[in-house]
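Colleague: Quick one, fold the following:
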Amino acid sequence: MAERVALVTGSLAEPRIRRIAEEIADEALDPVVVNVGVKVAALMTAEIVERRLKLPERIDRVLMPGRFRGDLDRLATRFGLPFARGPEEAADIPAYFGKGRGGAVNLDRQDVLLFAEIVDATRLSIDELLTRARVLRGEGADVIDLGALPDNPFPHLEDAIAALKADGFRVSVDSFDPQELARGTRAGADYLLSLNEHTLVIAEEGPAVPVLVPAQAGDLASLIRAVELCEARGRPFLADPILDPIHLGFTASLLRYAELRRLKPDIPILMGIGNVTELTDADTTGMNALLMGIISELRLNAVLAVQVSPHCRTAIREFDRARREFFAAREAGALPQGFGGGLMALRDRRPFTTTPEEVDRLAGTVADRNFRIEVTDRGIHAYNRDGHHVARDPFDLFPHLKVEDDGAHAFYLGVETARAEIALKLGKRYTQDEPLKWGVVGETSASAEDAHRLTFKEAGSTLSAKKKGDAT
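Modeller: Numbering: from 1, shown residues only. Reported below is the predicted structural model:
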C-alpha cells in the first residue's frame, strides 16, 4: 500500500503543491495536499496548526513547509503522527521524496587521503606554520606537507615537525634535497616527497612512508621498479606517476596513472593536482570535479593539493568536498549528480523555483506595501499591492519602486535586486533575504537553522533605520 503523506500548505502555494503532488504520486507514494486555511503556511505557529489542521483519513506522516518554525514534536504528540519539515523550496519536494536523486546525503565517508602543501614552509616561523596548518586542517587536509624551496635553508625543519606533531598533525616533507628528506624522517615525519629508485635508500633512515616517483619524467618503468623494491622489503609506500600540466604531457600522464593501476591493481597511488589547477586559467571547482572523477574511477588513494595562486585559494576545501561526494556517488553506483552540489559554485541545476505565471498570480493577491522580490526566466520581479514590475536590470526597476525619499528601504531593495540580477545572469537560485549560495567555495556564516527563517529574521540596519510605521 502506498504511503499516504499530507503536504501541508497555504492558499498561495496550494496550486503549485497540488501540481507537484500529481507529479510525484506513484504506487509507493500517495501525497495529499492539505490547505491549512492561511495564505502562507510557513508563517504559522504550532498553535495555529493545532487549531486549523484537519487531516484526511489514513495519513501516515505529515510534511510541513521547509520554513515552518513551529515545534514538530509538539504537533506529532497532538496528532499522533510523525511530523517533518520539508525542503525550503517547493521545487525541491520531488528530490525530498527521492523522485530524482536528492534529499539528505551522507558525506561522512571518503577514501582519499588529502595532503595540503605549504609551499613556502622554509620562510615561515613555527607559529606561522601552525596557524597555516590549522586553517588547512579546518578545510579538510589530513596531512600537512612542508614544502622546501630550492636554495632556501630549512634550519627549523625538525622543530616544525615536532610542533606540528604535538598539535596532532600528520606531516610530510617535500624537498629536492636528499639531506632535508633524511632530516625529515629522522625527526618523525610521516611521509617523504619524493623518492625514486636511486634515492629510496633515504627511507631507511627513519619511519616515514616514501612517496615514489619516476627517476626521470614519464619513466613509468623506473617507478614500477621502485614500487617493487618496497614490496620486496615490506615497506609501505605511495606511488606517484606525476600529473603533468596541460600541453606539457597532461593526457600522457593520465594514461600513466591508468597503466600503473592496471599493472598494480592493489598498490596505493597518489596524484598531485597542482600542475593542473595552479597552471590553468579556469575555476578550480570544475577542474577538481573532473580530476576527482579520474581518481574515483582509478581508485587512487591520495591527493596532494596546493593553493598558491589566488584562483586556487579554496582548492583544499573543494577537494575535501569532491572526495566525499564522489565516494557517495560511486558507492551508490550513480552519476555524481545530486550528492550535495558542493562544487556547483556558479550555477544551480534548478535556478528558478517559480514560473512567471505563478508570480503573476501571487502578485495579484498581495495586499500590503512590502516588496517581494523573485527571479524567473523572464527577469527580476518586484511586486507589492501597488504594482508588479519585471526587468532584467535593477536600474530599470528603480523608477517604479517609489523609494527615492527612503534611503534605508532603497538600500535594502538595491541589495536584493543586485543579488537577484547576479542569480538571473548566472542561473542561480535566488531567495529574498538570503545570501546567494556558492557551494563549498563560498560558505556563509549563516547556520542551517537560520536558513529556514522567512520574516522572523531580526531587523537589520535598513529596517531599524526606517521611521516607525513606514513600509518595508
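Colleague: where does the stretch 1-150 of the chain dip in pLDDT?
Modeller: 100-104 (pLDDT under 70).
Colleague: Okay, helices next: where are they in it?
Modeller: Along the stretch 1-150 of the chain, the stretches classed as helices by DSSP state H, counting those that start in this stretch are 14-24, 46-52, 72-79, 93-96, 126-138.
Colleague: Out of the ones you listed, which is closest to Asp393?
Modeller: With CB to CB, the closest approach to Asp393 among those belongs to helix 14-24: 27.6 Å. In this view, the C-beta of every residue, glycine as well, is placed from N, C-alpha and C.
Colleague: Could I get the buried residue list for that closest one?
Modeller: Within helix 14-24, the residues scored as buried using 16 or more other CB atoms under 10 Å are 14, 16-17, 20-21, 24.
Colleague: Quickly name whichever of the residues you listed is closest to Ile161.
Modeller: Distance to Ile161, by CB to CB, is smallest for Ile24 among the buried residues of helix 14-24, at 56.1 Å.
Colleague: Find the centremost residue of this structure, please.
Modeller: Nearest residue to the geometric centre of the chain (CA atoms, centre = their mean): Gly342, 2.3 Å.
Colleague: My read is that that residue contacts Val440, right?
Modeller: Yes - using CB atoms under 8 Å, Gly342 is in contact with Val440, at 4.1 Å.
Colleague: Give the residues shared as contacts by the two.
Modeller: Residues touching both Gly342 and Val440 (CB atoms under 8 Å, 6 or more residues apart in numbering) are 318, 321.
Colleague: mind saving the C-alpha coords of the helix or strand where Ser253 lies as PDB?
Modeller: In this structure, Ser253 sits in helix 250-263 according to DSSP states H and E. Extracted as PDB, the C-alpha positions of helix 250-263 are listed here (Å, rounded to 0.1, in the frame of the first residue of the first chain):
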ATOM      1  CA  PHE A 250      48.800  16.100 -19.400                       C
ATOM      2  CA  THR A 251      47.000  13.400 -21.400                       C
ATOM      3  CA  ALA A 252      50.000  11.100 -21.500                       C
ATOM      4  CA  SER A 253      50.400  11.400 -17.700                       C
ATOM      5  CA  LEU A 254      46.800  10.400 -17.100                       C
ATOM      6  CA  LEU A 255      47.500   7.300 -19.200                       C
ATOM      7  CA  ARG A 256      50.400   6.500 -16.900                       C
ATOM      8  CA  TYR A 257      48.100   6.600 -13.900                       C
ATOM      9  CA  ALA A 258      45.700   4.200 -15.600                       C
ATOM     10  CA  GLU A 259      48.500   1.900 -16.700                       C
ATOM     11  CA  LEU A 260      50.000   1.800 -13.200                       C
ATOM     12  CA  ARG A 261      46.700   0.900 -11.800                       C
ATOM     13  CA  ARG A 262      46.300  -1.800 -14.400                       C
ATOM     14  CA  LEU A 263      49.700  -3.300 -13.700                       C
END
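Colleague: List the buried residues for that helix?
Modeller: Applying 16+ other CB under 10 Å to helix 250-263 flags 253-254, 256-257, 260-261 as buried.
Colleague: again with stretch 41-58
Modeller: Within stretch 41-58, the residues scored as buried using 16+ other CB under 10 Å are 41-44, 46, 49, 53.
Colleague: longest helix of this structure?
Modeller: Ranked by residue count under DSSP state H, the longest helix found in the chain is helix 407-426.
Colleague: Counting by contacts, list what that helix packs against.
Modeller: Counting contacts by 3 or more CB pairs under 8 Å, 6 or more residues apart in numbering; DSSP states H and E, helix 407-426 is packed against strand 372-376, strand 379-384, helix 394-401, helix 461-464.
Colleague: can you tell me how far the closest residue to Ile59 other than its chain neighbours sits from Arg67?
Modeller: The shortest distance from Ile59 to any non-neighbouring residue, by CB to CB, 6 or more residues apart in numbering, is to Ala6 (4.9 Å). Noted for Ala6: a distance of 17 Å to Arg67, by CB to CB, to the nearest Å.
Colleague: do Ile295 as well
Modeller: According to CB to CB, Ile295 and Arg67 sit 38 Å apart.
Colleague: With Gly138 instead?
Modeller: Distance of Gly138 to Arg67, given as CB to CB: 30 Å.
Colleague: Tell me how the protein divides into domains.
Modeller: Using automatic domain parsing, the domain ranges for the chain come out as 3-96, 113-331, 356-464.
Colleague: Need the distance between the two termini of the shortest one.
Modeller: Read it as domain 3-96. Taking CA to CA, to the nearest Å, domain 3-96 runs 14 Å from one end to the other.
Colleague: next one: the longest one
Modeller: Between the opening and closing residues of domain 113-331 lies a distance of 17 Å (CA to CA).
Colleague: Give the buried residues for stretch 353-371.
Modeller: Applying a neighbour-count criterion of 16+ other CB under 10 Å, one finds 353-354, 358-360, 362-363, 366, 371 buried in stretch 353-371.
Colleague: Which members of those residues are positioned in helices?
Modeller: Mapping the buried residues of stretch 353-371 onto helices (DSSP H) picks out 358-360, 362-363.
Colleague: Reformat the residues you listed as JSON lines; add distance to Val171 and pLDDT.
Modeller: JSON lines is the format used below for those (distance: CB to CB, whole Å; pLDDT from 0 to 100):
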{"residue": "Glu358", "distance to Val171": "56", "pLDDT": "88"}
{"residue": "Val359", "distance to Val171": "56", "pLDDT": "91"}
{"residue": "Asp360", "distance to Val171": "61", "pLDDT": "92"}
{"residue": "Leu362", "distance to Val171": "58", "pLDDT": "86"}
{"residue": "Ala363", "distance to Val171": "60", "pLDDT": "90"}
